Structures are given as C-alpha cells and as structure tokens.
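Curious how this folds, go ahead:
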Amino acid sequence: MSDNKINNDYLGIAYKLVRLLEVRKKIWTELLDYDLGFKAWNDDKKDAYVSKLKGNIAQLDQMREETEGRLLEITKQAQECGCVIPFEDLVKEYRLPQEGKYILMALFYSDNLGRYQKITCKDLLFSLGYKPSEFLEKSALLDNLIIDGLIENTDKYPSPTASVLEAEH
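Next comes the predicted model:
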C-alpha cells in the first residue's frame, strides 16, 4: 500500500471522527441545557426527550469507538509497510494524549467552517464531552498545545481578561 493511499484513508477517517465529535457536541450541549434547567418542559416530555438525547450520545460514542479503531488499523498498516503518516508522527513527537490529537484534528478541519466561523476552546472541550465545570482543569491541555507551538490564538487583539477557553484558535 502506498504512503499516499494510507494518508488519504487516514485523513478521510479522521474527518469522519471530527464530524462525529461535532454532532456529539451539539447534542451534548443541548443535553446540558436540560440538565442545568435552562430549557423547561413538563416533566413527562422532558424525561422522554432527555432519554432520546442520551441514546443519541451513546450511539455516537459507539460510532466514535469504531472510527477510532479504524484509525488504529490504518496506523498499524502504515507501520507494517513502512509508510509514514505525518499526523501520527506529530502526535508521537509531542507525546500528545488522545484528546490533544482530537483537538488538532478538529482545528485541521476547521477551515471547512468558512472564513468567519472560528472554533473556540469551549467548542473543542464540548466536542470532547466535557462539562463546563471541567473546563478549567482541561484548559491545561490547550495551554500545553499553545506552549508547544502547535496551536495559536487567532485573535490579533485579545481582551486582557480573556481566558484560553474564550480565545479562537
């Protein structure tokens, strides 16, 4: 198998993974709105709808696991045939955790959003399934990516009080 074929397969599956995380983020944030009481329905409808959202999340998690497995298969194929996947080399070089890898993937594909739609760190953390109460702890992951020079703030004039979570990357 050629480097080009393996890299194209890898990038295609990585894109699918990012899209799954984006869809999960939309459902996850809606579920949080109900859990936090931001959206009010009568209890009968709310319980059924929340249950449906949780089922959707479980289904997306299963799809994510399958997609992660496919990425792992392609990485093993590349190793066996001596092919190089530059993205995987970057992950190894910087010893990135899986979450860091997913953040870089999401940012890599964020150009597909359009010129004026930027992705924030909050978006990235929501797509990984974190609750707002976990953002402060998980912002260290984003800080490390910035320190390593793998991501940068795209806001030319950030507010002096802006946190890493509010910045666009």
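
And the lowest-mean-pLDDT helix or strand in the chain, what does it pack against?
Within the chain, no helix or strand scores below helix 121-127, which has a mean of 85 by mean pLDDT, DSSP states H and E. Judged by 3 or more C-beta pairs under 8 Å, 6 or more residues apart in numbering; DSSP states H and E, helix 121-127 is in contact with helix 3-35, helix 98-109, helix 135-147. Backbone N, C-alpha and C define where each C-beta goes, glycine included.

Low-confidence regions, the chain specifically.
Applying pLDDT under 70 to the chain picks out residues 1, 37-43, 111-117, 154-169.

Which parts of this protein belong to which domain?
The chain breaks down by automatic domain parsing into domains covering 1-93, 99-169.

can you list those domains in a markdown table and add mean neighbour count?
Listed next are the domains of the chain as a markdown table, based on neighbours: other C-beta atoms under 10 Å:
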| stretch | mean neighbour count |
| --- | --- |
| domain 1-93 | 14 |
| domain 99-169 | 15 |
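
With distance to Leu124 added, can I get the helices and strands packed on helix 121-127 in CSV?
CSV is the format used below for these (distance: least, C-beta to C-beta, whole Å):
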stretch, distance to Leu124
helix 3-35, 9
helix 98-109, 5
helix 135-147, 7
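
nearest to Phe126, of those helices?
helix 3-35 (4.6 Å; C-beta to C-beta).

now that closest one and helix 98-109, what's the angle there?
110 degrees (axes from the mean of the first three to the mean of the last three C-alpha atoms, to 10 degrees).

elements contacting the helix or strand following helix 3-35?
For helix 3-35, the succeeding helix or strand toward the C-terminus, using DSSP states H and E, is helix 43-81. Applying 3+ C-beta pairs under 8 Å, 6+ apart, one finds that helix 43-81 contacts helix 3-35.

Off-centre distance for the helix it packs on?
Distance of helix 3-35 from the chain centroid (C-alpha atoms, centre = their mean, to the nearest Å) equals 7 Å.
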